[in-house]
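**Q** heads up, no residue letters with this:
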Ligand SMILES: Nc1ncnc2c1ncn2[C@@H]1O[C@H](COP(=O)(O)OP(=O)(O)OP(=O)(O)O)[C@@H](O)[C@H]1O
Ligand code: SF4
Ligand SMILES: [Mg+2]
């Protein structure tokens, strides 16, 4: 049986907003998932739905608001939900602060080596004042991974080679590289500490179409050779469906569906996933003609003031009164196929 590397339970991440009462930006809402050792879990959803925030919160680059994160059997975060629903004088239901115990402190330093991230914007993620050799070397130094200068130089060379760059590139600055090469530097930096788990945050969306597949192939080869586990974030399903064994779909901070890649493509259960899939181009013109594209009405609501009940109810073609009042539970409806929708409970 597959072994879990990461397990996330009821994870929330809210960003407080200065001068505004209440929880602020409710970017990640009650997300539960697990990732098996050596697998790629794809994560898709519209811009602003909380994919990056979820990835960073799992790595504790953002401090979670509440929930539980277990990495390789070790709890690296556990905290109680610090809000409760209250009625205002006008009869409005709002989230009010509640006193809860402080989460136990956990030393994340050894975890930083095991859990890495490849950033969405390669240019912004590299220090423009450091050479590529210094950028990669810094990660090696922080964790004391090379004993001698010669060993360190050799390791930097090996990493540059691994990501398809030349040894001479070590003396260049990030601005002297193309976007694709900058992303390769970001990948080499992540690999420098010999991680087990990498959050790949839209690693190809800022790149030219012609080099996107090169980077994806490289990430796949690295996974095979080094036994890596990925959380692979992308805007749309067409990117993740070929490389992920399972896919999670996010909408406005919540995970609405999670299933094996093939199963999700063949049999999407949640109305939002059905919409996303209807927009994916199909190579077969017959199938393409017969497929009906579902277009959602309205804009994505603000995570500062998300809809009550099911967060998708303001745009869902099947929404009922119950959907506006009560959030559906994220449940396993078929073996390995989770979704959150009241329609599935009937
Ligand atoms: N540090 C922060 N402080 C306040 N709000 C934030 C912060 N980071 C993200 N947000 C908000 O949280 C929500 C989710 O943002 P996030 O960047 O996680 O979305 P995303 O799904 O990664 O989008 P994209 O596909 O455009 O990268 C957005 O409304 C964003 O404005
Ligand atoms: S719970 Fe209701 S609003 Fe939400 S997806 Fe299902 S039918 Fe639509
Ligand atoms: Mg993002």
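**A** Sure thing, it's come through. Quick caveat: nothing in here was measured; it's all calculated off a predicted structure. Ligands and ions are numbered 1, 2, ... in the order given.
**Q** Please count neighbours and contacts with C-alpha atoms only from this point.
**A** Fine.
**Q** Who are the contact partners of residue 94?
**A** Residues in contact with residue 94 (Cα atoms under 8 Å, 6 or more residues apart in numbering) are 22, 85, 86, 87, 88.
**Q** and which of those is nearest to ligand 2?
**A** Checking these against ligand 2 with Cα to the nearest ligand atom, the nearest one is residue 85 at 20.1 Å.
**Q** Give the rounded mean pLDDT of the helix or strand containing the closest one.
**A** According to DSSP states H and E, residue 85 maps onto strand 83-87. Averaged across strand 83-87, the pLDDT comes to 89.
**Q** Make 12 the starting number, not 1.
**A** Renumbered: residue one is now 12, and that last one reads strand 94-98.
**Q** what pairs with it, and is each one parallel or antiparallel?
**A** Here strand 94-98 has these sheet partners by DSSP bridges: strand 104-108 (antiparallel).
**Q** Show me which residues of the chain sit near ligand 2.
**A** Residues of the chain lying close to ligand 2 (Cα under 6 Å from any ligand atom) are 282, 321, 323, 324, 327, 329, 330, 334, 339, 352, 353, 354.
**Q** State the phi and psi torsions of the last one.
**A** Dihedral angles phi and psi of residue 354 (degrees, to the nearest 10) take the values phi -60, psi -30.
**Q** per-residue pLDDT, it?
**A** In this prediction residue 354 is given a pLDDT of 97.
**Q** of the contacts of residue 105, buried ones?
**A** The neighbour-count test (16 or more other Cα atoms under 10 Å) marks none of these as buried.
**Q** List just the nearest of these to residue 129.
**A** Comparing these against residue 129 with Cα to Cα picks out residue 33 as the nearest, at 32.4 Å.
**Q** Just to check, the closest one is in contact with residue 97?
**A** No. At 11.0 Å, residue 33 does not count as touching residue 97 under the criterion of Cα atoms under 8 Å.
**Q** sorry, back to before: weed out the non-buried ones from the residues of the chain next to ligand 2.
**A** For the residues of the chain next to ligand 2, a burial check counting by 16+ other Cα under 10 Å picks out 282, 321, 323, 324, 327, 330, 334, 339, 352, 353.
**Q** can you redo the residues you listed as a markdown table with secondary structure and distance to ligand 1?
**A** Output for those, formatted as a markdown table (DSSP: H, G, I helix; E, B strand; the rest coil; distance: Cα to the nearest ligand atom, whole Å):
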| residue | secondary structure | distance to ligand 1 |
| --- | --- | --- |
| 282 | helix | 19 |
| 321 | coil | 18 |
| 323 | coil | 15 |
| 324 | coil | 18 |
| 327 | coil | 19 |
| 330 | coil | 23 |
| 334 | helix | 22 |
| 339 | coil | 21 |
| 352 | coil | 21 |
| 353 | helix | 24 |
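**Q** From the contacts of residue 105, pick the one nearest residue 271.
**A** residue 96 (35.0 Å).
**Q** How about the longest helix seen in the chain, which residues are buried there?
**A** Across the chain, the longest stretch assigned as helix under DSSP state H is helix 220-237. Neighbour counts using 16+ other Cα under 10 Å place 223, 226, 227, 229, 230, 234 of helix 220-237 among the buried residues.
**Q** Looking at the residues you listed, which one is closest to ligand 1?
**A** Checking the buried residues of helix 220-237 one by one against ligand 1 (Cα to the nearest ligand atom), the nearest turns out to be residue 223, at 16.8 Å.
**Q** Just to check, the closest one is in contact with residue 215?
**A** Yes. In this structure, residue 223 is within contact of residue 215 by Cα under 8 Å, at 5.4 Å.
**Q** residues from the stretch 62-211 of the chain in reach of ligand 1?
**A** Residues of the stretch 62-211 of the chain lying close to ligand 1 by Cα under 6 Å from any ligand atom are 62, 63, 64.
**Q** Of those - the most surrounded one?
**A** residue 62 (29 neighbours; other Cα atoms under 10 Å).
**Q** In which helix or strand does the residue lying closest to residue 276 once chain neighbours are set aside reside?
**A** Distances taken as Cα to Cα, 6 or more residues apart in numbering put residue 288 closest to residue 276, at 7.0 Å, once the chain neighbours are dropped. According to DSSP H and E, residue 288 maps onto helix 282-289.
**Q** which residues make contact with that helix from outside it?
**A** Helix 282-289 is contacted from outside by 247-248, 260, 262, 267-268, 276, 279, 302-307, 323, 327, 329, using Cα under 8 Å, 6+ apart.
**Q** pLDDT on that helix, on average?
**A** Rounded mean pLDDT across helix 282-289 is 92.
**Q** ok, now stretch 213-222?
**A** Stretch 213-222 shows a mean pLDDT of 87.
**Q** before we move on, what about stretch 304-314?
**A** Averaging the model's pLDDT scores along stretch 304-314 yields 85.
**Q** and what of stretch 262-279?
**A** Throughout stretch 262-279, pLDDT has a mean value of 96.
**Q** hmm, it in reach of ligand 1?
**A** No. Residues of stretch 262-279 contacting ligand 1 under Cα under 6 Å from any ligand atom: none, with a closest distance of 7.0 Å.
**Q** got a list of what the nearest residue to residue 86 once chain neighbours are set aside touches?
**A** Spatial nearest neighbour of residue 86, excluding adjacent residues (Cα to Cα, 6+ apart): residue 80 at 5.9 Å. If a contact means Cα under 8 Å, 6+ apart, then residue 80 has 17, 18, 19, 20, 22, 69, 86, 87, 88, 89 as its contacts.
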